[in-house]
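Novice: curious how this folds, go ahead:
(4 chains)
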Number of protein chains: 2
Amino acid sequence: MYESWPLASIAAVAATLAPFRSIAAEHGNAPLYRQAKRALLEAIEDGRCPPGRALPAEAALAAALGVSVGTLRHAVDELVADHVLVRQQGRGTFVATHSSDRFLFQFFHVEGRDGRRELPQVNLLSFERERLDDEAASALALRAGAPSVAIENVLLLQGRPVVHDRLVLPASLFKGLTEKRLRERPGTIYQLYQSDFGITVLRASERARAVAADRHTARALQLAPGTPVMQVRRIAQTFGDRPVEYRLSTIDTSRHDYVHLLSRPGGGA
Amino acid sequence: MYESWPLASIAAVAATLAPFRSIAAEHGNAPLYRQAKRALLEAIEDGRCPPGRALPAEAALAAALGVSVGTLRHAVDELVADHVLVRQQGRGTFVATHSSDRFLFQFFHVEGRDGRRELPQVNLLSFERERLDDEAASALALRAGAPSVAIENVLLLQGRPVVHDRLVLPASLFKGLTEKRLRERPGTIYQLYQSDFGITVLRASERARAVAADRHTARALQLAPGTPVMQVRRIAQTFGDRPVEYRLSTIDTSRHDYVHLLSRPGGGA
DNA sequence: CCCAATTTGTTCGTATGTATA
DNA sequence: TTATACATACGAACAAATTGG
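Specialist: Modelled structure (predicted):
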C-alpha cells in the first residue's frame, strides 16, 4: 500500500482515466452494467477514447466508474460482441479499429467459387460533389438535395473487374474530403473514414436483388449489357444506428459469389 | 435443510437431473466452462434433453455438474448466443425450438421493398427419391450417388410466387419421410426436421449469385425465361457443423429483396 | 388480488491462472 | 524474471419476472 509511486506513472494513469467519471450519479433504472456500457460508449463516441487506444486496466476502470470488476467485464463483454472493443489477454482492451482483416470478414462478402477471399484492388472511376436524390436521401435520413459526395469505384479480384461501387456520403460528415486524399489513402475506405473523419462504421444492412446490367456498369465490369448481375444496396451505420454511407454495389457473379453466414459472428464451440 | 421434501418432487428433480453427470472426471486442459458447455451440448445432441425441455435450475444443474453457478452461467451464456438454449427470467432455461419467428428472422431473408417480412405460403411441387449429384454430394459431405430426397417448393408472398426452392436431404438422416408427412406438417420445414427426425438446424451458410431464369423456374415463378433472378445455395448445419440440407433457392427480386444484416444477431443497447 | 415459491438476472468481492511486455 | 493485463472460477446476496395457490 505505502510503496513509493513514481509521479510520472500516477500522472499517466490519471490521464488515461480522465475520460471516465463515476456513474454513481446516474439513477436510471437500467442495470448498472448497461450504464457502464453507455459511459464507455460515450467516451469512445466523443473521441475522448480514440480508435486504437487502450482502455485503462479493468481494476482501475472499474474503480473510476464506481462499479465492481465483474460488472465492468459484463459491459465490456457486450462492447466486444458489438465490435466496439477488442480484448487481448495480457495486453489490454482496445477501441476497435478498421483493420483490413475486419473489413474483409465483416464488410466484404464477395469471394471466389472456391471460397477464397481476397482484398480487392480498388480503382477510382469518379469523384463528384452532388445533391442527394430521393433514394440516397431516404437511406441517409437526410433531405433530398442536401450536399453529398459521390464516389465510383471498380473492385478487381485476381486482376478482373468484379464489383462496381457507387458510394454516397453526406458532405456534412466528410468535410475536407478530396479526391487526392481518397486516392492516397493507405488502407480501406473505412479506415479513412475513421482516421480522417472520426467516423467508425459499426454495422451495415444490405438489400440485394438481381437485375440486368445497364450500359454504364456493364462497361465498367466488361460485360455485355443485359447480363444478370447482383445489385446490393448498403446502408452503413455508426454509433446510435446513424447512417453514414449509402452504397450501391453491382457484382458480376459469373465467377464469384455473394456469401452470407447465418449464425453468430462471435463463433466458437 | 432438514425440511420434509415430498418424495414426488425428489423423484422429479432426480429425473430432470439424470441426463447430467459430473464433469469432475474430465481432465482436459480446456476451461471448466467449456467442459460444462460440452456436457450440456452432448445431452442435447443425444436427445437426452429434447427441444423445448427445460433444463434443471441453475443451482441444481451446477451442483450436478460439479461446478459453481457462475461457471455454469458462463457455459449457458455461450449456448444462448449459439441459439442452442433460450433463457426466460422467472421461468427457466429451455432447449431452443424452431418457432416460426426464429425461422423468419434467422433463416428467411426475403422481404418486400417496404421492409415488411411475412411468413411465406409454401406449395409443394414435387417430392422425389433420387441419387445425389456431385454438387449436392459435396455440399452434404457425402459420396455422389447416395440416396436422397429432393423436394421442390414454390413460396408465395402476398399471394404471388416469389421463391422457388429445391431441397436435397440425405435419405439416411430422414428415414420415413413421406410426401404425405411433408404436406401435413403444421409448421415450418425446420420444425418438421426437429419434431420428426430429431434434427435441429443451428446454422446455415448461403452463397448467392445472379443468373437468367431457366425455363423450369421461370414457369414456377411465372416469369419470362431469361429474366434476371437471384440464385441462393444454402447448406444448413446441425451440431458439429454437420450438413443436413442442401437447398437451391431462386428468387424473383422484382418486388422483393434478399436482406443481410452485418452485425451481431444478439442485438442490444 | 395478493402472497409465496421458484427461477433467472444483477452485483458484489476475492483468489488464482495465463498471456504479454 | 518481474510486473501487468485479461481469463477463469468460486461463492454469496439481493432484484426481478413468473407461476400457482
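Novice: helix, strand, or coil at the nearest residue to residue A:179 once chain neighbours are set aside?
Specialist: The shortest distance from residue A:179 to any non-neighbouring residue, by C-beta to C-beta, 6 or more residues apart in numbering or on different chains, is to residue A:127 (4.0 Å). Just so you know, the C-beta spots here come from the backbone N, C-alpha and C atoms, and that holds for glycine as well. Three-state assignment for residue A:127 (DSSP: H, G, I helix; E, B strand; the rest coil): strand.
Novice: for residue A:127, what are its contacts?
Specialist: A:149-152, A:179, A:182 (C-beta atoms under 8 Å, 6 or more residues apart in numbering or on different chains).
Novice: what of residue A:261?
Specialist: Counted by C-beta under 8 Å, 6+ apart, residue A:261 has contacts B:203-206.
Novice: Throw those residues into TSV and include distance to DNA strand D, neighbour count and pLDDT, thanks.
Specialist: Below are the contacts of residue A:261 laid out as TSV (distance: C-beta to the nearest atom of the strand, whole Å; neighbours: other C-beta atoms under 10 Å in any protein chain shown; pLDDT from 0 to 100):
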residue	distance to DNA strand D	neighbour count	pLDDT
B:203	22	20	93
B:204	27	20	95
B:205	26	18	96
B:206	31	21	97
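Novice: give me the pLDDT for the nearest residue to residue A:212 once chain neighbours are set aside.
Specialist: Nearest non-adjacent residue to residue A:212, counting by C-beta to C-beta, 6+ apart: residue A:226, 4.7 Å away. pLDDT, residue A:226: 97.
Novice: quick one: residue A:226 from residue B:189, how far?
Specialist: 36 Å (C-beta to C-beta, to the nearest Å).
Novice: how about residue A:151, phi and psi?
Specialist: phi -120, psi 130 (degrees, to the nearest 10).
Novice: wait, doesn't it sit right on residue A:167?
Specialist: Yes - the pair residue A:151 and residue A:167 passes the contact test of C-beta atoms under 8 Å, sitting 4.3 Å apart.
Novice: and residue A:233, how far from chain B?
Specialist: Distance, residue A:233 to chain B, using C-beta to the nearest C-beta, to the nearest Å: 8 Å.
Novice: give me the neighbour count for that residue.
Specialist: 18 (other C-beta atoms under 10 Å in any protein chain shown).
Novice: repeat that for the one 5 residues further on.
Specialist: By the other C-beta under 10 Å criterion, the neighbourhood of residue A:238 contains 19 residues.
Novice: OK, contacts around it?
Specialist: Residue A:238 neighbours (C-beta under 8 Å, 6+ apart): A:199-202, A:244.
Novice: now swap in residue A:225 and tell me
Specialist: So residue A:225 contacts A:212-215, A:218 (C-beta under 8 Å, 6+ apart).
Novice: which residue ranges of the stretch 51-200 of chain A form helices?
Specialist: Using DSSP state H, counting those that start in this stretch, the helices of the stretch 51-200 of chain A run over A:58-65, A:69-81, A:100-102, A:134-140, A:179-183, A:189-197.
Novice: to DNA strand C, which of those helices lies closest?
Specialist: Across the helices of the stretch 51-200 of chain A, DNA strand C has its closest neighbour in helix A:69-81 (3.2 Å, C-beta to the nearest atom of the strand).
Novice: that closest one - contacts with which helices or strands?
Specialist: Here helix A:69-81 touches helix A:32-45, helix A:58-65, strand A:85-88, going by 3 or more C-beta pairs under 8 Å, 6 or more residues apart in numbering or on different chains; DSSP states H and E.
Novice: check whether the last one comes near chain B.
Specialist: It refers to strand A:85-88. No - judged by C-beta under 8 Å from any C-beta of the partner chain, strand A:85-88 makes no contact with chain B; its nearest approach is 12.9 Å.
Novice: tell me the strands beside that strand, with direction?
Specialist: In the sheet containing strand A:85-88, its partner strands are strand A:92-95 (antiparallel), by DSSP bridges.
Novice: relative to the whole chain's centre, how far out is the partner strand?
Specialist: Averaging C-alpha positions (C-alpha atoms, centre = their mean, to the nearest Å) puts strand A:92-95 17 Å from its chain's average.
Novice: and for that strand, what's in contact with it?
Specialist: A:44, A:49-55, A:57-58, A:76, A:84-88.
Novice: which single one of those is nearest to DNA strand C?
Specialist: residue A:88 (6.1 Å).
Novice: what about that closest one, neighbour count?
Specialist: 9.
Novice: the residue lying closest to it once chain neighbours are set aside: neighbour count?
Specialist: Using C-beta to C-beta, 6+ apart and skipping the chain neighbours, the partner closest in space to residue A:88 is residue A:94 (7.1 Å). When neighbours are defined as other C-beta under 10 Å, residue A:94 has 16 of them.
Novice: what's opposite residue A:94 in the beta bridge?
Specialist: residue A:54, residue A:86.
Novice: do residue A:163 as well
Specialist: residue A:155, residue A:251.
Novice: contact partners for it?
Specialist: Contacts of residue A:163 (C-beta under 8 Å, 6+ apart): A:110, A:120, A:153-155, A:157, A:221, A:249-252.
Novice: also residue A:55?
Specialist: So residue A:55 contacts A:16, A:40, A:49, A:61, A:76, A:85, A:92-95 (C-beta under 8 Å, 6+ apart).
Novice: any idea how far DNA strand D is from it?
Specialist: Distance of residue A:55 to DNA strand D, computed by C-beta to the nearest atom of the strand, to the nearest Å: 6 Å.
Novice: circling back to that earlier point, columns secondary structure and distance to residue B:106 on top of the contacts of residue A:261, output as a markdown table?
Specialist: As requested, the contacts of residue A:261 are arranged in a markdown table below (DSSP: H, G, I helix; E, B strand; the rest coil; distance: C-beta to C-beta, whole Å):
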| residue | secondary structure | distance to residue B:106 |
| --- | --- | --- |
| B:203 | strand | 9 |
| B:204 | strand | 8 |
| B:205 | strand | 13 |
| B:206 | strand | 12 |
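Novice: tell me, what residue is most central in chain A?
Specialist: residue A:201 (2.2 Å; C-alpha atoms, centre = their mean).
Novice: sec struct for that residue, please.
Specialist: coil.
Novice: surely it and residue A:234 touch.
Specialist: No - at 10.1 Å, residue A:201 does not count as touching residue A:234 under the criterion of C-beta under 8 Å.
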